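K.L.:
Would you be able to build a 3D model of this:
(chains A and B)
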Amino acid sequence: MDEQQGTSHRNVVDAWFETERNRLWVFLRSRVGSESDADDLAQTVYLKMVGGTFAAATNLDGWAFSIANHAVCDHFRGKKRRPSTFIESDTAIQDNSATPMMQLLATEESQRSSEILRHCLAGLSKDELVVMQARILGNDHATIAVDQGWGTANRSEKTFHRAKRKLQDCIRSKRGDDENS
Amino acid sequence: MRILEIPVDPQAQREWLEDQLLEPDITSLIVELEAVAKTHSATSTVPCGEDNETRTIHKAFAGEQSDWIRNGLGSMSDDAWRKLVNHPHLLFELQEQIFIENSDYWKPKIDAVARRRHAVLTAIPVTDARAIRKLRWVLLALAASICALVVGSQVYNAKTGPTIASSAWGWNESVASRTFSTPEEYLTWISQGANAWFNKDPQSVDEFRQRLDELRAGCQRLIDGEHDELPAATRLFLVARCKEWKAKFDVTAKQLRDSPDQFVELKKRTDQSVRNAIVVLDQMTL
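P.N.:
Numbers count the residues shown, from 1 in each chain, chains lettered A, B, ... in the order given. Sure, this is the predicted structure:
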């Protein structure tokens, strides 16, 4: 990139960042959960955009958000929340079959949350599990009652609330165990 | 657990999901849904595992998602909802597409989230400004004493050699006597101003508070500055970044007031923020 091209690229990136940084920040905050981390990552994305190159025909928004996705993954790796399935081999991290987004689900923290939730779901009775899953799939209590042959929606509703309380207690207890250990 | 808050009414469900796509930590929601989906696949005959058909939103929804990306999730069918809940990793891609497309439907929602955050950040300097206005007369009275002290200290320094730390460091230094032949030179001066933060290592809460206040004051000077040395686009960019840095430092100052015992952690965080600012400034000079 010669000097003139470099300046032109910088101007394009600066102009994009100036108008779109709020959008980028909301996206980053949604991915990392923290406002402060989103601030830092927005700066990282800007720097990568300035330092990178893109073809004139490239969709600038798409390019920027692709950089943002990778920055989020680098951020989690930097926090040692690296994908536990990739711990043994650094080269595996670059495996193209695992998209940056999917790697987020493989971080140690995500895997631990998933493990706890699955453990707690396994502690529900069969009825409680059925109602819980049906509710998340979008069914109302009347439909669930009909599907289960329970007569009234009341039974489904009560079962759901009992399951909810059991899950919350179980998760709280497991999280407490983690903190104590 | 966020999945326990999913509303019963289908329309409310779609609205709830729209909010989730803009709120912090979508990953934890996806983790929750994945856990339920995996438990579900173990107990039912419905296949919930990853397959080619659900690898991308395009394959999973065959174009139906275009309408959600343009016009919101209101038109999402019950089948699509179920598929999304059973394959929640698709939410990552859906969310990314929504942000890239930035349609007339989603843009005001995204802007509203950003505005809410802006309102929180700007509330802090306003409070500070009010406090400062109340203290204006006290400050004026103190100004004369400070002038006397400065003159006194200069006389003292002239006699004894060591300098007494002045608040006019970094971005607080006057630019009036300097000349810059290029924008890069000017940006380098600003970057060096940020670097001056590390010339001192405050060891107590009070020292850190004073240093941080000076940093914030310097930041405000940059925000208010003319920056005639820079091209218009770079000037705008610099001021926008300064506002962000100032907002962060203001939040840190507030946290320090609320929890002085956190000062070591807050100092570390400020060091990191200044380092990040220096990287941005140095990059701007390239």
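K.L.:
And the contacts of the helix or strand hosting residue B:100?
P.N.:
Per DSSP states H and E, residue B:100 falls inside helix B:90-101. Outside of helix B:90-101, the residues within contact range by CB atoms under 8 Å, 6 or more residues apart in numbering or on different chains are A:23, A:26-27, A:30, A:59, A:61-62, A:65, A:69, A:101-102, A:104, B:21, B:26, B:29-30, B:33, B:54, B:56-57, B:60, B:65, B:68-70, B:83-84, B:106, B:110. Any C-beta I mention is one placed from the backbone N, CA and C, and that applies to glycine too.
K.L.:
So which bits of it are buried?
P.N.:
B:90, B:91, B:92, B:93, B:94, B:95, B:96, B:97, B:98, B:99, B:100, B:101 (16 or more other CB atoms under 10 Å in any protein chain shown).
K.L.:
Please pick the buried ones from the contacts of helix B:90-101.
P.N.:
The neighbour-count test (16+ other CB under 10 Å) applied to the contacts of helix B:90-101 identifies A:23, A:26-27, A:30, A:61, A:65, A:69, A:101, A:104, B:21, B:26, B:29-30, B:33, B:54, B:57, B:60, B:65, B:68-69, B:83-84, B:106, B:110 as buried.
K.L.:
For the residue most central in space within chain A, give its distance to residue B:260.
P.N.:
For chain A, the residue nearest the mean C-alpha position is residue A:31 (5.3 Å; CA atoms, centre = their mean). For residue A:31, the distance to residue B:260 equals 32 Å [CB to CB, to the nearest Å].
K.L.:
Which pLDDT value goes with residue B:119?
P.N.:
With respect to pLDDT, residue B:119 scores 54.
K.L.:
follow-up on the earlier one: please list the members of the contacts of helix B:90-101 that lie in helices.
P.N.:
A:23, A:26-27, A:30, A:61-62, A:65, A:69, A:101-102, A:104, B:21, B:26, B:29-30, B:33, B:57, B:60, B:65, B:68-70, B:83-84, B:106, B:110 (DSSP state H).
K.L.:
Stretch B:66-79 vs chain A: in contact?
P.N.:
Yes: applying CB under 8 Å from any CB of the partner chain, one finds stretch B:66-79 touching chain A at residue B:78.
K.L.:
Residues in contact with that stretch: which ones?
P.N.:
A:138, B:10-11, B:14-15, B:17-18, B:64, B:84, B:94, B:97-98, B:101, B:103, B:105-106.
K.L.:
List the buried residues in that stretch.
P.N.:
Those would be B:68, B:69, B:72, B:73, B:76, for stretch B:66-79 by 16+ other CB under 10 Å.
K.L.:
Ramachandran coordinates for the last one?
P.N.:
Main-chain torsions, residue B:76, degrees, to the nearest 10: phi -70, psi 130.
K.L.:
so residue B:36 touches residue A:124, yeah?
P.N.:
No: counting by CB atoms under 8 Å, residue B:36 stays clear of residue A:124, with 10.9 Å between them.
K.L.:
Quick check: neighbours shared by these two?
P.N.:
Overlap of the contact sets of residue B:36 and residue A:124 (by CB under 8 Å, 6+ apart) consists of residue A:132.
K.L.:
Of these two, give the one with the bigger neighbour count.
P.N.:
Neighbours were counted for residue B:36 and for residue A:124 using other CB atoms under 10 Å in any protein chain shown; residue B:36 has more, 24 against 21.
K.L.:
pLDDT at the more buried one, what is it?
P.N.:
As predicted, residue B:36 sits at a pLDDT of 85.
K.L.:
now the one 5 residues further on
P.N.:
For residue B:41, the pLDDT comes out at 57.
K.L.:
go on, residue A:176?
P.N.:
80.
K.L.:
Just to be sure, it is in a helix?
P.N.:
Yes: according to DSSP: H, G, I helix; E, B strand; the rest coil, residue A:176 belongs to a helix.
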